[in-house]
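Trainee: Take this sequence and fold it.
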Amino acid sequence: MAESDPEIDFEFDPEDLPEKHHGSGPLGPPSLIVDNVHVKYRVFGAKKAGAVTNGKPSLYNRLRWRAQGHVGATSEVHAVRGVSFVAHQGEAIGIVGTNGSGKSSLLRAAAGLIPPAEGAVYVGAEPSLLGVNAVLMRQLTGERNIMIGGLALGLSMKEVRERFDEIVDFADIGDFVYLPMKTYSSGMAARLRFAISSVATPDILMIDEALATGDADFKQRSNAKIEEIREHAGTIFLVSHSLETVRRMCSRVLWMDQGRLVQDGDPEEVTDAYREHVRSRRGKKGKKG
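Mentor: This is a model prediction of the structure:
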C-alpha cells in the first residue's frame, strides 16, 4: 500500500522499489545549465485594509477600491531561490519535493516558459516540456491535436501523417482519437500528450507528472521510450511525487524544498533522505494534532 498524505503529496511503494538505476553509459557534454535562477510570481487579489463584514471587505470598500482603480493588493511569491546545476546529455534527472517546493516552477523556467527574475538558463537544444500543453486544445479532436502538436514540435505535415498510427497506438486511445479531447479521461489525455511530445525524440524532454496516470503496460512503454531518448544522447527531466518512478527511471535526482535545491545526487540516496524528511514533517504534524 502506497503511503500518502493529502497535505504532503508524496507516495512510495517500499516493496516495489527497484534496484539502483545504473545509467546507460558515459555522459555527454552539458545540455542545460541553470545558473543561480530565481523565479518570482506576483499574486493579485490579496486582502486590503478596510471594513470587513463576516471576514470579507464591505461592499462599500470593494466599490471604492474599484472606483480608485484598485483590483486588490499584490504579493510576491519567491518560488525558486538561487538554484544552480548542470545537466548532461544522456542523463535522466528526477526532481522531487512536496507541493509548493518549486519543482514545477524550476522545470518551467528551465524550459523557457517562465523568465527568471534573476540568474540565467543556457540550453544546447530546444527543450520540450511534455508536449505541447500550451498548444493542445480540449475542444478539438485527438486527431487534430496530433497534427497541431506535431507541427509545434517541428515535424512536417508529412512526418506527422507518417507517425499518426504510432502516436495513437502508443497512447492506446483507439477510436477516441476522433473525439474531442474534452471527452477524454485524465489518463487518456496524459498518454496522448506523452505520445505526441516524445514522437519527435527531443534532445531535452521535460515531464511533469505525466506518468502518474496509466497502467503498468503504459509505464513500461514510457520507460522504454525514455531509454530510447537517452540512448540518442538526449536529456530527460522528470518531476514526480512517486519515488518508485523516480528511482526506476532516473540516474540522478534533485530535491527541492521551499524553492531551494537541498540535495543533488544518487537517486537512492536523495530519495531516502527526502522520504525521511517527509516522515519527520508528518510526525511533527501528528504531535501538534
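Trainee: Can you list the buried residues in the helix or strand encompassing residue 169?
Mentor: Take DSSP states H and E as the rule and residue 169 turns out to sit in helix 157-171. Going by neighbour count (16 or more other C-beta atoms under 10 Å), the buried part of helix 157-171 is 160, 163-164, 167-168, 170-171. (Glycine included, C-beta is placed from N, CA and C.)
Trainee: Report how many residues lie close to the closest residue in space to residue 228 that isn't next to it in sequence.
Mentor: Distances taken as C-beta to C-beta, 6 or more residues apart in numbering place residue 201 nearest to residue 228, at 7.2 Å, with adjacent residues excluded. For residue 201, the neighbour count with other C-beta atoms under 10 Å is 14.
Trainee: ok, residue 201 - contacts?
Mentor: Neighbouring residues of residue 201 by C-beta atoms under 8 Å, 6 or more residues apart in numbering: 228-229, 232, 234.
Trainee: would you say it is within a helix?
Mentor: No: under DSSP: H, G, I helix; E, B strand; the rest coil, residue 201 sits outside any helix and is assigned coil.
Trainee: Look up phi and psi at it.
Mentor: Backbone torsions of residue 201, given as degrees, to the nearest 10, read phi 50, psi 70.
Trainee: cool, and residue 112?
Mentor: The phi/psi pair for residue 112 (degrees, to the nearest 10) is phi 90, psi 10.
Trainee: How about the contacts made by it?
Mentor: By C-beta under 8 Å, 6+ apart, residue 112 lies in contact with 121, 123, 127.
Trainee: okay, those in a markdown table with neighbour count next?
Mentor: Converted to a markdown table, these look like this (neighbours: other C-beta atoms under 10 Å):
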| residue | neighbour count |
| --- | --- |
| 121 | 18 |
| 123 | 18 |
| 127 | 22 |
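Trainee: Kindly reformat those as a markdown table containing pLDDT, secondary structure and distance to residue 153.
Mentor: Putting the contacts of residue 112 into a markdown table (pLDDT from 0 to 100; DSSP: H, G, I helix; E, B strand; the rest coil; distance: C-beta to C-beta, whole Å) gives the following:
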| residue | pLDDT | secondary structure | distance to residue 153 |
| --- | --- | --- | --- |
| 121 | 97 | strand | 20 |
| 123 | 94 | strand | 16 |
| 127 | 85 | strand | 11 |
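Trainee: residue contacts, the nearest residue to residue 226 once chain neighbours are set aside?
Mentor: Nearest residue to residue 226, sequence neighbours excluded (C-beta to C-beta, 6+ apart): residue 236, at 5.5 Å. Contact analysis of residue 236 by C-beta under 8 Å, 6+ apart lists 91-93, 205-207, 226, 229-230, 249-250.
Trainee: quick revisit: sort out which of the contacts of residue 201 are buried, if you could.
Mentor: 229, 234.
Trainee: In strands, which of the contacts of residue 201 fall?
Mentor: Nothing among the contacts of residue 201 maps onto strands, per DSSP state E.
Trainee: Next step: the contacts of residue 201 restricted to helices.
Mentor: 228-229 (DSSP state H).
Trainee: Quick check: the farthest pair among the contacts of residue 201?
Mentor: Farthest apart among those by C-beta to C-beta are 228 and 234. That separation is 8.6 Å.
Trainee: hmm, back to that, which strands and helices sit next to the helix holding residue 169?
Mentor: The contact analysis (3 or more C-beta pairs under 8 Å, 6 or more residues apart in numbering; DSSP states H and E) places helix 157-171 against helix 142-152, helix 186-199.
Trainee: could you give the angle of it to helix 142-152?
Mentor: For helix 157-171 against helix 142-152, the angle by axes from the mean of the first three to the mean of the last three C-alpha atoms, to 10 degrees is 120 degrees.
Trainee: what angle do helix 157-171 and helix 186-199 make?
Mentor: If you take the same axes, to 10 degrees, helix 157-171 sits at 140 degrees to helix 186-199.
Trainee: Can you give the contact residues for helix 157-171?
Mentor: Contact partners of helix 157-171, identified using C-beta under 8 Å, 6+ apart, comprise 142-143, 146-147, 150-151, 155, 174, 177, 188, 191-192, 194-196, 199, 221, 225.
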